[in-house]
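K.L.:
A predicted structure for the sequence below; I have some questions about it.
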Amino acid sequence: MSTPELAPEIVTFYSDTIDEAGRLTMSADGRLEMLRTKELLQRYLPPAPARILDVGGGPGAHARWLVEAGYIVHLVDPILRHIEQAKDSGCTVELGDARQLTAEDSSYDVALVLGPLYHLTDAADRHQALAEAYRVVRPGGIVAAAAINRYSSLFEHTALAHLNVDRLQTSIGKILASAMHDGKKGFTRAYFHRGEELREEVGAAGFEGAAVFGIEGPTWALLKAVEQHTGESAAETSLFESALAAARMAEPYPELLAANSHLLAVGRRPMA
């Protein structure tokens, strides 16, 4: 079986254009994403030292705290730069692709798929990645899969004060209509999910009881707007704490999913 290929513009974006290692620490909305992802995962993770496969784990942001908590973590990522950075997290690492994992069947307690679904723009590829996650977790094990929310670019570019420009309205309008970003400017090639769509994809892979959460909550873009227009960090402010409270309070209300930047689906492989 041939190894799946990742779009070259995605490889270039993460290898040369941005340093993903700082994304979850350098901005207030990034820190909000990190904190909320961690607290959502902690509700479902089995006790340490469970075995966790971090698929598309990037430079190891989540692997680091999981290792520190006593979990056994193996990270797989298709970007060599990420693999080198992730070595410092304390996990074992492997250059690989979410659609063709080398792990044995039922060999992990948890599969984290916190990045691959963004960049697999073909539905068949996303299904293959989730099917591989299903294969490698034990019966009763869980998968946690993240996605970019379909409408996140609308909020982001308003916060950045770009959306009044006709060219940006056209670009964001295409994303809203198609759920796709072509990767020609700004972010790289990507797919943007609706909450119910993410739930359906996780369920179609065989996982039961998939729940979908908004990660940053409905007010994350306020943090980005403040930092954009003041040039100062909002991470250690009452505004950050308010945005965090809003994210937690919004959880019971599915109509607010569309206001998040990222979504997280958690499902379980059936016992039989």
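P.N.:
The structure has been received and is ready for your questions. Numbers count the residues shown, from 1 in each chain.
K.L.:
quick one, what contacts Phe155?
P.N.:
Phe155 is in contact with Trp220, Ala221, Ala259, Ser261, counting by CB atoms under 8 Å, 6 or more residues apart in numbering. C-beta: built from backbone N, CA, C; applies to glycine.
K.L.:
oops, could you answer that again for Thr188 instead?
P.N.:
Thr188 sits in contact with Ala7, Glu9, Ile10, Thr12, Phe13, Tyr14, Thr17, His119, His181, where contact means CB under 8 Å, 6+ apart.
K.L.:
try 6 Å
P.N.:
Going by CB atoms under 6 Å, 6 or more residues apart in numbering, Thr188 touches Glu9, Ile10, Phe13.
K.L.:
Arg99: which of these is nearest?
P.N.:
Ile10 (13.4 Å; CB to CB).
K.L.:
and the longest helix for the protein?
P.N.:
helix 28-44 (DSSP state H).
K.L.:
which strands or helices does it pack on?
P.N.:
helix 23-26, helix 220-230 (3 or more CB pairs under 6 Å, 6 or more residues apart in numbering; DSSP states H and E).
K.L.:
turn these into TSV, including distance to Arg51, mean neighbour count and mean pLDDT.
P.N.:
Below are these laid out as TSV (distance: least, CB to CB, whole Å; neighbours: other CB atoms under 10 Å; pLDDT from 0 to 100):
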stretch	distance to Arg51	mean neighbour count	mean pLDDT
helix 23-26	23	15	92
helix 220-230	32	19	97
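K.L.:
format those helices as CSV; extra columns: distance to Arg64.
P.N.:
Formatted as CSV, those follow (distance: least, CB to CB, whole Å):
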stretch, distance to Arg64
helix 23-26, 11
helix 220-230, 23
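K.L.:
and the longest helix of the chain, how far from the chain's centre?
P.N.:
Between the centre of helix 28-44 and the centre of its chain there are 11 Å (CA atoms, centre = their mean, to the nearest Å).
K.L.:
list the buried ones in that helix?
P.N.:
Neighbour-count burial for helix 28-44, counted by 16 or more other CB atoms under 10 Å, picks out Ala28, Asp29, Gly30, Arg31, Leu32, Glu33, Met34, Leu35, Arg36, Thr37, Leu40, Leu41.
K.L.:
all set, thanks.
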